[in-house]
Each structure stands twice: as structure tokens, then as C-alpha cells.
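Student: Have a look; sequence and predicted model below, questions after that.
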Amino acid sequence: MIRVLIVDDHAVVRRGLAQLLATTDDLILAGEAADGEVAVGMAAELRPDVVLMDLSMPHLEGVHTIARILATQPELHILVLTSFSDHNQILDALQAGAKGYLLKHAEPETILSGIREVVAGLSPLDPKAARALLTGRRAPRPGPELSDREREVLELVGEGLPNRSIARSLGITERTVKAHLTSIYQQLGVTDRTQAALWVQRQTHTET
């Protein structure tokens, strides 16, 4: 039996998906979450096989939610189910670790098949999303205006160093490290050091 956690901020969507799962013999509802922060906690508590996730949610949006969940449960399968077919959003979700990307206009059987496919190691992709990836180009985004010191702190965060080690390495206090991290998080649009480290990894991968 494949256990599915549904993550969507619209109750009617969650209810419809739950009813869809109930029509099958091999898929079962593990739980429902209405925002990203709740989803992270429920994924850790319930340990579902698949997270069926929207990208637009309050408190913690989808891409960051994906990164947060996979940081502690890398074996979990995340299937995006959203209304967005923008090239950048698709690429961000897949780079964060989503195994597949479906759009909400998909037929019910396509959604059910997508859940089974990610568990089987496949990567279901909506045809419209696939066209966006093939024909679109990532729009240039302004890079964060980090100071030289902030870049040094961020690089050490990316290496997995705790604040105390960063402070010792750079010859500054832990309080100063925390102040730099607050500024870095705001500029990167992340909320914690795990997301910041993932940002560093993505940038390194892009540059290579």
C-alpha cells in the first residue's frame, strides 16, 4: 500500500484528492496539510511514501518545503501537483528534489499513475511542463547583493560548518555570524541554514 500525504492550501482540492485515492486498492491517504510548515512536520511524523504537493502555499512555499522535507528524508518521493507551468518554477521544483511535476488539469488517472510512477523510480512530467522545459530558458535573476564577509559566511555554511566554527575560522564572534546569517537568509529568500546550504549547492552545480 502506498501512503500519500496531500499538501495543498485549498480544502476542496485536498478533499477531492482524498476521494480520488479512496477509489484505488493500492493508494491510501496518510494525511493532509494546508501549508508548507505543517507539511514538513507531518512528513517527519507520518513518514508517507509520497508527498503530493502544490507549490503555492502560505508560510512556506512549495520549493522550500520540498528542500526542507528532503533534507531529513531523502528517500521520500515528492510529486508536484500545481497550476504553474512556468519554466523557472518547474526547474526550481525539480532541482529541489521533486521526482515529478503534474498540472491540476490532469486527468484523475494521470494523477494516480503519477503517484505510482514516482514510487517505481520514474519521473512523470505533464506534457505542458515538459514543453516549457524544452523550449524555455531560465530568465536571468538578479543575484543577491552579499558583502564579501557574507559570502565567506555563506560558503562555510555550504560546507556544513556550525556557527562556532565559522566564527573561529573568520576571526569574528558567533553573534556577528548570526547577524550575517539573518541578512543572508533575507537576501536569498530562505528561512534557515539548510535552505542556504542547498542554495549554495545549486549555485555550484549551475556554475559547473
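Tutor: That came through, no problem.
Student: Apart from its neighbours in sequence, what residue is nearest Gly36?
Tutor: Leu60 (2.9 Å; Cβ to Cβ, 6 or more residues apart in numbering). C-beta: built from backbone N, CA, C; applies to glycine.
Student: Check the gap between the residue sitting furthest away from the middle of the chain and Gly62 for me.
Tutor: Here the chain reaches farthest from its C-alpha mean at Gly171, the gap being 34.2 Å by Cα atoms, centre = their mean. The gap separating Gly171 from Gly62 is 39 Å, by Cβ to Cβ, to the nearest Å.
Student: How about Leu76?
Tutor: Taken as Cβ to Cβ, the span from Leu76 to Gly62 is 15 Å.
Student: and these two? which has more neighbours close in?
Tutor: The neighbour comparison of Leu76 against Gly62 (other Cβ atoms under 10 Å) goes to Gly62, with 25 against 20.
Student: was I right about that one contacting Val51?
Tutor: No. Counting by Cβ atoms under 8 Å, Val51 is not a contact partner of Gly62; they are 10.2 Å apart.
Student: In this structure, where is pLDDT below threshold?
Tutor: 134-143, 204-208 (pLDDT under 70).
Student: Geometric centre of it: which residue is closest?
Tutor: Ile66 (2.2 Å).
Student: Chain neighbours aside, what residue packs nearest to that residue?
Tutor: Nearest one to Ile66, counting by Cβ to Cβ, 6+ apart, is Ala96 at 4.2 Å.
Student: Now that neighbour: phi and psi?
Tutor: Per-residue torsions, Ala96: phi -70, psi -20 (degrees, to the nearest 10).
Student: what's near enough to touch it?
Tutor: Val63, His64, Ile66, Ala67, Leu70, Leu198 (Cβ atoms under 8 Å, 6 or more residues apart in numbering).
Student: All good on my end, thank you.
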